[in-house]
Structure formats: structure tokens, C-alpha cells
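> Need coordinates for the below:
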Amino acid sequence: MPRPPRARAPLALLPPALAIAASLAGCSADMSGYPSLAPRPVERLGFEEPATPPPVPVAADPALDARLAEIAAARAAAARDFDAAVERAAARAAAARGAAAGSERWLDAQTAIAELDSLRSTHADSVGQLEELSATRAQALQPAYPALERALEAARATATAQTARIDSLAASLPSG
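A predicted model of the protein is given here:
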């Protein structure tokens, strides 16, 4: 006689029921060991740059102010000497414009321009001293000192103007 088929219904339903129970158990388990998917406080800030804090006022430095006054006096004297020598060099360069390279007028103009170069280096010494003071402050992580920055900017502008004046006079002479 043939055998009746065995009832497999309860066993066949066991794997799907087990999968559903496991997934439901995962939803109710304590997830405190995992990070939340909610936005963090930093993610709510956006991408705007933070406001720049106002600059801290720089305390007065009497020793630096005295040193700046010394350098300013030396720089002013060097600039006055340069300006006086420019007049002489310009007159000699004008006289040498039609002269041949190597002539006496040309040599006089070249000598006057060389004197200007020497006077420019005197002013450049003051620029170097100001740059050294600025570098020393920067290395000590001190804030920029406004009086020093203004003096350095003015000294560099004067040095640039002096160089341009020398170059202009030298270019006006015949090459030799």
C-alpha cells in the first residue's frame, strides 16, 4: 500500500518565520554601540566661514619707537643726499647725451650715476634694518607693529623710486 505523504507544512514555514523573527529582534535590540544617523551638530553649521575676530590692539613699544625714529632720521638724511646728487647727475647726463661713450662728459655722467648708486645703498641699509626689525617680531610671533609697517612701506617706496631714477639716467646715456 502506498504511504500517505508526510506533513511538511510546519518545517517548511520554519526558515521564513525564523528570518522574520531575527529581523524584528534586530530592530528592538540595544543599538547604543553604534553611531546615530541623525545630523551631528557640526553638520548643522553649514559652510559659511566663521566671523573673523577683531584685531587685538598692539601695545606701544617705546624702545621700538625710539629705534624707528633713529632709522627714520638716517633714512631722511640719505634721501636728501640722494635728491641733491640726482640734480648733479641729471645735469651731467644731459651734458653727455650727445657725447660719445668713453668721452670725458660721458665719464663724468657715469661717475655721478655711480655716486647715486652709493647713496642708494645708504638708504637701502635703513630698509634692511627695518626689515630685520619686522622679521624679528615675526619670528617672536608678535603681531605686526603699525608704525614699523608704515615705515617699511615708505622706505621700500623710496628705494624703488631711487632705483627707477638711476635706471632712467643710465638709460639716457649712450651705451659704452
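> Distance from the helix or strand hosting Ser168 to the middle of the chain?
Taking DSSP states H and E as the definition, Ser168 sits inside helix 146-172. Distance of helix 146-172 from the chain centroid (C-alpha atoms, centre = their mean, to the nearest Å) equals 21 Å.
> which stretches of this structure have low pLDDT?
Scanning the chain for pLDDT under 70 picks out the ranges 1-32, 176.
> middle-most residue in it, spatially?
Ala138 (12.0 Å; C-alpha atoms, centre = their mean).
> Identify the single longest helix in the protein, thanks.
helix 104-139 (DSSP state H).
> for that one, packing partners?
On a contact count with 3 or more C-beta pairs under 8 Å, 6 or more residues apart in numbering; DSSP states H and E, helix 104-139 meets helix 62-95, helix 146-172. In this view, the C-beta of every residue, glycine as well, is placed from N, C-alpha and C.
> Next, the angle from that helix to helix 146-172.
160 degrees (axes from the mean of the first three to the mean of the last three C-alpha atoms, to 10 degrees).
> Counting neighbours, show which residues of helix 104-139 come out buried.
Neighbour-count burial for helix 104-139 flags 105-106, 108-110, 112-113, 115-116, 119-120, 123-124, 126-127, 129-130, 133-134, 137 (criterion: 16 or more other C-beta atoms under 10 Å).
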